[in-house]
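Novice: model this:
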Amino acid sequence: MGFDVSLLLHEAEQNIHESIRPFLAKEVIEEIKAAGRCFALENYTASGFHTLRGLEVVMGDYYKQASGKDREFRSWYDYIEAFKELEAEKNEIKPKYPSPKVSAMLDRMRQLDRNPLMQRFLG
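Specialist: Here you go, the predicted model:
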């Protein structure tokens with residue numbers, strides 16, 4: 001599959017493994033479809049934008065699952081700080097809180113990929 005133009009234009013979500021798709025919110029699937037269309041049309045910056053928006057929805061869902069709280073976030077930095085707060089609360093009662101690797105990887109993506117892409121897209 002992957003880079004087949006027809007697939008990217010019409011069913012880009014098929015590139016996500018079938019075992020994961022049922023767990024993704026409708027908004028994530030729509031962002032992946034938009035990213036696929038943009039990629040097929042060689043609009044790579046817009047494709048990255050939609051991919052990162054989909055990931056942001058996943059981060060919100062992940063936070064809700066890990067914390068049991070529904071919360072609005074204004075930026076990726078806020079998500080990362082919230083994940084770090086959950087990491088600090090980890091104990092025997094709450095053993096499934098995010099690994100420090102989660103916030104570290106997201107922060108790295110924020111600094112090296114997301115922020116420069118958004119500057120390019122919005123600037």
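Novice: Report all helices and strands that the host helix or strand of Y63 contacts.
Specialist: Using DSSP states H and E, Y63 sits in helix 44-67. The contact analysis (3 or more C-beta pairs under 8 Å, 6 or more residues apart in numbering; DSSP states H and E) places helix 44-67 against helix 26-40, helix 76-89, helix 115-122. Just so you know, the C-beta spots here come from the backbone N, C-alpha and C atoms, and that holds for glycine as well.
Novice: Looking at the ones you listed, spot the one closest to L7.
Specialist: Closest to L7 of those is helix 26-40 (C-beta to C-beta; 7.4 Å).
Novice: Just the buried residues of that closest one, please?
Specialist: Buried residues in helix 26-40, defined by neighbour count with 16 or more other C-beta atoms under 10 Å: 28-29, 31-40.
Novice: Low-confidence regions, the chain specifically.
Specialist: When residues are selected by pLDDT under 70, those of the chain lie in 1-2, 91-96, 121, 123.
Novice: Centroid-nearest residue for it?
Specialist: The chain has L55 as the residue nearest its centroid, 1.0 Å off, counting by C-alpha atoms, centre = their mean.
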